[in-house]
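Engineer: from the sequence below, what's the structure:
(chains A and B)
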Amino acid sequence: MLYINGTVCLSPQPTSDTSVFLPEVKEYHSNKIFCIDVDYSKFFDAGSMRRMGRIIKFGVTAGILALKDAGVETPGAISTGTGYGLMDISQKFLNSVIDSEETIVSPTSFIQSTHNTVSSNIALMVGCHAHNNTFAHRGFSFESVITDALLLGKEGFDNILVGAYDEVSDHSYRSMMRMDMLRAEPCSNLKLFSESHCGTIAGEGAAFFVLAKQKSDPTYGTIKACKTFPAPADANDLKRTVLGFLSDNGLSPKEIDIVLSGHCGDAKADRLNNILTHDTFSEQSILAFKHLCGEYMTATSFATWLAAKMMKTQTIPEVLYLENRNREPRNILIYNSLKANHSLMLFANV
Amino acid sequence: MQVFVAGKGVITAIGNNVAENLQSFYEGRSGISDITILRTNYAGKLPAGEIKFSNAALAAMAGLEGTVSRTGLFSMIAAREALQDAQIPEPGKWRIGFLSANTVGGMDITENIFKAFHEDHTKADLSEVEQHDTGAITDIVAAQLGIKDFVTTISTACSSSANSIMLGARLIKNNLLDIALAGGTDALSRFTLNGFNSLMILDDKPCTPYNETRKGLNLGEGAGYIVLVSERVAKTLPKKVMASLSGYANANDAFHQTASSPEGKGNYLAMTGALAMTGLRHEAIGYINVHGTGTNNNDLSESIAMERIFGIAPPKFSSTKTFTGHTLGACGGVEAVYSLLAMEHQIIPPHLRWTAQMKEVPFKPVTELMTGVEINHAMSNSFGFGGNCSSLIFSKVN
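Structural biologist: Alright, predicted model coming up:
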């Protein structure tokens, strides 16, 4: 268990201001939605502003702002996750390799293309020489970061900066189209769950957290546990896994107040979510989040930010509800799936 | 709590398995050669540690479809060897994790379909598109090996698979896993070849690390994995466990995105951190498999950090990248296997092509194969872009 003492999220919604919680909700009419930019020039010099890929800017900025939110100058360790990595900049480099038939390539985009660029740039900016990890495993990327952090907490590390970031790149968007994951027609993100459809909307964002052994005043709440598992055979198999996870953490389903479900708006992909939230969690308030941030490999970091804000403010924005059963945000469970990657995360308020 | 090494597997330019790699050390046979498999303009111009098998031949070896990326094929071959080597009597009894690492994912496939795919996304095969990301490679192998309890991928440039091995040990120590199959894989690609070339850190001859006259690195490809087990699992094994993973540390240089600090701060912190975990004095280390890429920058920072820790007479050391080239995300796994082989067979793998003493430090690597060397503790260094520095220490189990 670790306390969440600071967090900042940059997303397609107005989430960057730590003093408020979703002051308004943005509606988009597209099958891809992008991060709302903040003024990155406060964090990068003019040269870096020109050279650096967008994901580095919003990833690093979210990390630095999360430290500021927690009042921590140099974290005790850094662990981050990204599904596709720095795809846009990699694509730029690959284009130059292919277009020039390997004759004219510039190192600038290659240097930035490695998955650990965001994590190491944060280390560089805050002078953190400690443990520095980057996980890049699809729908487990952020969850692996949380597992890493929970281990680090037991190993004597404190004030661990964790986060995740992914971008809608041309390549990732085309790939999601090719995999039939996206809506063929433009749709409103706010009507993502309104009727049975095929496909979801592509999204992006960065969310960072400072996890600590002692609570700050005020803290956001706690992250208690995380589990990743492959696609369950059926709804019963999923139920067994969820109940096992809860019981490992001394909880029964009744004690859960909120389920943040990774519904994505694709009827087929949401089938297990629907069964779980109707059957196992019939007394809980059921919330969704992907209509706000879109689908991406580390979307659970956005859900984690929502959980943190709900715990701290003890409010639940109306726009999140799939089912409102009048529960207060005390024990929160995130269940997410992205193809074969399924995950659970557990939070509790203080 | 101790974490034991129960098995190892490796495929590189000097062999398809552990035995062949060991034999290449005995014969001093380098795997650096002209590129013949990867389709690139640099064939014949920039040598590499290329594995001389086509994807179809590798797929037959791996028991996978020929459409799987080279990164995945290497991973499958080495990971399966490590698991078989471990001879775990009842694997179904235990919680098993697959902690893999790579930096390029299915780039070898992506770069072939890229043009057509970006003109029309329906032009590429679904399986080609699905294999692009680093995690895809791990998922393919995990599914093939039937590993479900914990699966992830680390991508911290050249220290990736040292970090996945470290994570395996940490998960076992915290009783989240009983068995961790950990390491990494990477295939040569035009992406990395052109990238490193644009940084002007590739040698156009076989690399000469730790030489005053060194000109850069050669890229390589392959995979290396070890099987880490808890004490409880170790007791059930039919063969004697040879080694434990006694120390490890992950540090960051926090100096520059691609260059290491002149004093090798990250390197120093990784090595001293790993030593501190073992509780050993530095004299106890019998062999260091250095990161030793052959770039001016790496070898200088690493050797200065070594001098600071070990003094003017450090332990015997060599860079096996003189055999394999720099296998990037795989090198931590590959060189963990080599460090274990050194202890087990009492050898120091030779550091090839050494001719010119570096002027900044008074020591040199072991340039001829040494046999009959009692090594109780071996260190393996992996340092990378982004200042990611990791060191592992393996200890002989008596």
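
Engineer: do you know the pLDDT at residue 203?
Structural biologist: Using chain A here. As predicted, A:G203 sits at a pLDDT of 98.

Engineer: looking at chain B here, not the other one
Structural biologist: 98.

Engineer: surely it touches B:G216?
Structural biologist: Yes - between B:D203 and B:G216 there is a contact at 4.1 Å, judged by C-beta atoms under 8 Å. C-betas here are computed from N, CA, C, even on glycine.

Engineer: overlap in contacts, these two.
Structural biologist: Contact criterion C-beta atoms under 8 Å, 6 or more residues apart in numbering or on different chains; residues shared by B:D203 and B:G216: B:G294.

Engineer: so what does the residue sitting furthest away from the middle of chain B look like in phi/psi?
Structural biologist: When distances are taken from the C-alpha mean of chain B, B:D120 lies farthest, 37.0 Å away, according to C-alpha atoms, centre = their mean. When quoted as degrees, to the nearest 10, the phi and psi of B:D120 stand at phi -160, psi 110.

Engineer: for it, give me its contacts.
Structural biologist: By C-beta under 8 Å, 6+ apart, the contact list for B:D120 is empty.

Engineer: mind doing that once more with 10 Å?
Structural biologist: For B:D120, the contact set (C-beta atoms under 10 Å, 6 or more residues apart in numbering or on different chains) comprises A:R174.

Engineer: please enumerate the helices of the stretch 151-300 of chain A.
Structural biologist: Ranges of helices within the stretch 151-300 of chain A are A:170-178, A:235-248, A:271-279, A:290-293, A:300-313, based on DSSP state H, counting those that start in this stretch.

Engineer: kindly state the pLDDT recorded for the residue farthest from the centre of chain B?
Structural biologist: So B:D120 comes in at 88 (pLDDT).

Engineer: tell me how far it lies from A:R174.
Structural biologist: According to C-beta to C-beta, to the nearest Å, B:D120 stands 9 Å off from A:R174.

Engineer: again with B:K316
Structural biologist: Per C-beta to C-beta, B:K316 is found 51 Å from A:R174.

Engineer: over to B:E212?
Structural biologist: To A:R174, B:E212 is 49 Å away according to C-beta to C-beta.

Engineer: and whichever helix or strand A:M49 is part of, how far out from the chain middle?
Structural biologist: Element membership for A:M49 (DSSP states H and E) is helix A:46-51. Averaging C-alpha positions (C-alpha atoms, centre = their mean, to the nearest Å) puts helix A:46-51 26 Å from its chain's average.

Engineer: ok, now stretch B:259-266?
Structural biologist: Using C-alpha atoms, centre = their mean, the offset of stretch B:259-266 from its chain centre is 21 Å.

Engineer: middle-most residue in the chain, spatially?
Structural biologist: Let's take chain A. Taking C-alpha atoms, centre = their mean, the centroid of chain A lies closest to A:S301, which sits 2.0 Å from it.

Engineer: try chain B instead
Structural biologist: Central residue of chain B (C-alpha atoms, centre = their mean): B:C331, at 1.9 Å.

Engineer: give me the contact status of the helix or strand where that residue lies with chain A.
Structural biologist: Secondary structure from DSSP H and E places B:C331 in helix B:331-345. No - using C-beta under 10 Å from any C-beta of the partner chain, helix B:331-345 stays clear of chain A, with a minimum separation of 13.0 Å.

Engineer: before we move on, back to that, looking at B:D203 and B:G216, which is more packed in?
Structural biologist: B:G216 (24 against 20; other C-beta atoms under 10 Å in any protein chain shown).
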